[in-house]
Structures are given as structure tokens and as C-alpha cells.
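**Q** Got a predicted model here, sequence first, then my questions.
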Amino acid sequence: MSRLGSKVVAITGASSGIGAATALELATHGAAVVLGARRTDRLDSLVARIRAEGGRAEMLEVDVTKRADLEQLVALAVNRFGRLDVLVSNAGVARIASMADLDVDDWDVMIDVNLRGVLHGIAAALPVFRNQGHGHLVTTVSTSGLKIVPTQAVYAATKNAVRTLLEALRQESTDGVLRTTAISPGYVRTELVDYIDDPEQREQAQHAMAALGISPDAVARAIAFAIEQPDDVEIGEMTIRPARQG
Ligand SMILES: NC(=O)c1ccc[n+]([C@@H]2O[C@H](COP(=O)([O-])OP(=O)(O)OC[C@H]3O[C@@H](n4cnc5c(N)ncnc54)[C@H](OP(=O)(O)O)[C@@H]3O)[C@@H](O)[C@H]2O)c1
């Protein structure tokens, strides 16, 4: 069994896309997975599938904008499996529009989910990691933060804020207790852009995703690679994008 087989991993945004693919990838390699998202029907199906294939999985309704929900997700991992080795802070939303449109409500949603949601995960997991003497924080940021383009300003800003958090956390944690990994996917075929309000922007994004997007399994394999490294090896950043993405 690979090193993954001994891991207990909590994943936010596990109800679809990259989070669901990561849950399946890790569970297939023997990890115990604890899945959080708001759509519990999706989580139920995923847990049933993992268990039917002989894997170990639990689920909880989690809204990452609520600090208590993250505390409960971490507690579920510890109570059910004895510890938490890895938190994959993956839940995220993308609302694409020019800043001049002043979609302030959408800005707030992205800040609350993509940034505050990750902070809530850190706040919940860090004491457990410190207490155990080990822990790994993985998060899905984005190539949107690496190549800045119009209409993705706030989305990219939230992702780069998280990149900054992880780098600072890494520098504060050089005693070997904590590993941090920021994964930057490019276009990945998921539901992410289906929730963009503006029909024109939504259609454009869906078109780009259909034309270019890679499978979420590719990102899941990268996350698994980062997790399965020996405890003294930290994969700090990884970019996984379509070979044809500009
Ligand atoms: N797809 C891409 O091209 C791409 C590229 C770069 C980065 N990313 C990042 O990858 C991550 C996963 O996205 P995806 O592409 O897999 O899209 P997705 O299929 O839409 O998945 C997003 C996940 O986030 C969850 N979520 C959203 N708001 C939440 C909240 N308030 N509380 C808890 N969970 C919440 C959703 O679950 P519920 O709705 O059930 O709560 C869903 O499971 C995101 O952080 C995204 O920014 C994606």
C-alpha cells in the first residue's frame, strides 16, 4: 500500500469537480476521507460509492463560510479515524465580470468562500496539527492568480491572498510540524463556471472549459502526489493546466 493508505484526509468542496475526484483518488489508494460541502445528496452518493469499493469515507454538511462547520468537519475526522493528517481546502466559487460592473455581492461571496473559507479551515485544523505534531494543508488556488486577465480580478485576488497565507504559514512553521501545498489548476472540466450569473460570460467560460479543460482527475493525482511525499518533503506549489492553455 502507498503512503496514502495511512492518511486521514478532510476535503472541502467534495461534492463535485476537483474535490470529488480527489476523494475518489485518495480513497482508492486507501486513505480515509472525510467529505464536506453543502449538497449532502452528492456527498451521500460519493460516500456510498467509496464504501462499496471497500474504502473508508464519512461526510458532513459544511458551509465553509461558517467557522463552526469547519470545526465540526475536523472533529469528525478525529472522532471517527483518530486524527487528521491532511486538510484539502478546496471549496471555491468563481464569478467572472469586469470590476466596472460593481457586482459587489459576488465579490463578497468570493471573499467569503475562497478566502474566509480557507481561513476557517486553517483555524480548525492548525490546533489539531500542532497537537498531533504533524499536519498538511493543501489548497486549490488557480492559474488565474498567476496570469492576471480582465474579468477575473476578484477571483484571482482571493486565490493570491490564499497563496500569500500559505507562504506565511510555511515560514511560521519551519519546525517540521506543518506542510503546506498550493495547487494551481488551469482550465479543469467541472461545474465551476456553470454558476456565473452573466449569461454571456457564462457561455464564454463554458466554451473555453469544454474546448480546453482537462479532467479533474489530473488535479486529484497532483494532490495525491503532494500528500504521499515523506513527512520531511514539502511540495510547496504545483501548476496543473492543459498543455494548450495560454
Ligand atoms: N475548474 C477549474 O478550471 C479551476 C481552475 C482553478 C482553480 N479551481 C478551483 O478548484 C476548486 C474546486 O472547484 P471545481 O473546479 O471542482 O468546481 P465545482 O465542481 O463547482 O466545485 C466547487 C466545490 O466547492 C463547493 N462549495 C462552493 N461554495 C461552498 C461553500 N460555501 N461551502 C462549502 N462548499 C462550497 C461546492 O459544493 P456545494 O455547492 O455542494 O457546497 C463544490 O463541491 C475551487 O476552489 C476553484 O476555485 C478550479
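**A** Thanks, I have it.

**Q** Pull up the gap between the closest residue to Pro150 other than its chain neighbours and the ligand, please.
**A** Once flanking residues are discounted, Pro150 sits nearest to Ser98: 6.6 Å by C-beta to C-beta, 6 or more residues apart in numbering. Bear in mind the C-beta positions are built from the backbone N, C-alpha and C, glycine included. The gap separating Ser98 from the ligand is 19 Å, by C-beta to the nearest ligand atom, to the nearest Å.

**Q** go on, Leu87?
**A** 13 Å.

**Q** next one: phi and psi at that residue?
**A** When quoted as degrees, to the nearest 10, the phi and psi of Leu87 stand at phi -110, psi 120.

**Q** what residues are up against the residue nearest to it when sequence neighbours are not counted?
**A** Leaving aside its sequence neighbours, Leu87 sits nearest to Ala125 (C-beta to C-beta, 6+ apart; 4.4 Å). Shown in contact with Ala125 (C-beta atoms under 8 Å, 6 or more residues apart in numbering): Ala10, Leu70, Val74, Leu84, Leu87, Gly135, Leu137.

**Q** packing partners for the host helix or strand of the third one?
**A** Right, Val74. Assessed by DSSP states H and E, Val74 sits inside helix 67-81. For helix 67-81, the packing partners by 3 or more C-beta pairs under 8 Å, 6 or more residues apart in numbering; DSSP states H and E come out as strand 8-12, strand 32-37, strand 56-61, helix 117-132.

**Q** Okay, buried residues for that helix please.
**A** Asp69, Leu70, Glu71, Gln72, Leu73, Val74, Leu76, Ala77, Val78, Phe81 (16 or more other C-beta atoms under 10 Å).

**Q** quick one: low-confidence ranges for the chain?
**A** 1 (pLDDT under 70).

**Q** Quick check: longest helix in it by residues?
**A** When the chain is parsed with DSSP state H, its longest helix is helix 153-172.

**Q** Direction-wise, compare whichever helix or strand comes after that one with helix 153-172 and give the angle.
**A** Helices and strands here follow DSSP H and E; after helix 153-172, the next one along the chain is strand 178-185. Interaxial angle of strand 178-185 relative to helix 153-172 (axes from the mean of the first three to the mean of the last three C-alpha atoms, to 10 degrees): 150 degrees.

**Q** Note down every partner strand of strand 178-185 and its orientation.
**A** strand 135-140 (parallel), strand 237-240 (parallel) (DSSP bridges).

**Q** what's near enough to touch the spatially most central residue of the chain?
**A** In the chain, the centroid-proximal residue (C-alpha atoms, centre = their mean) is Asn90; its distance is 1.4 Å. Residues in contact with Asn90 (C-beta under 8 Å, 6+ apart) are Ile11, Thr12, Gly13, Ala14, Ile18, Gly19, Thr22, Val138, Thr139, Thr140.

**Q** could those residues be laid out in a markdown table, adding distance to Gly36 and neighbour count?
**A** Below are those laid out as a markdown table (distance: C-beta to C-beta, whole Å; neighbours: other C-beta atoms under 10 Å):
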| residue | distance to Gly36 | neighbour count |
| --- | --- | --- |
| Ile11 | 7 | 29 |
| Thr12 | 5 | 29 |
| Gly13 | 8 | 27 |
| Ala14 | 6 | 32 |
| Ile18 | 14 | 28 |
| Gly19 | 9 | 30 |
| Thr22 | 12 | 31 |
| Val138 | 14 | 24 |
| Thr139 | 14 | 27 |
| Thr140 | 14 | 29 |
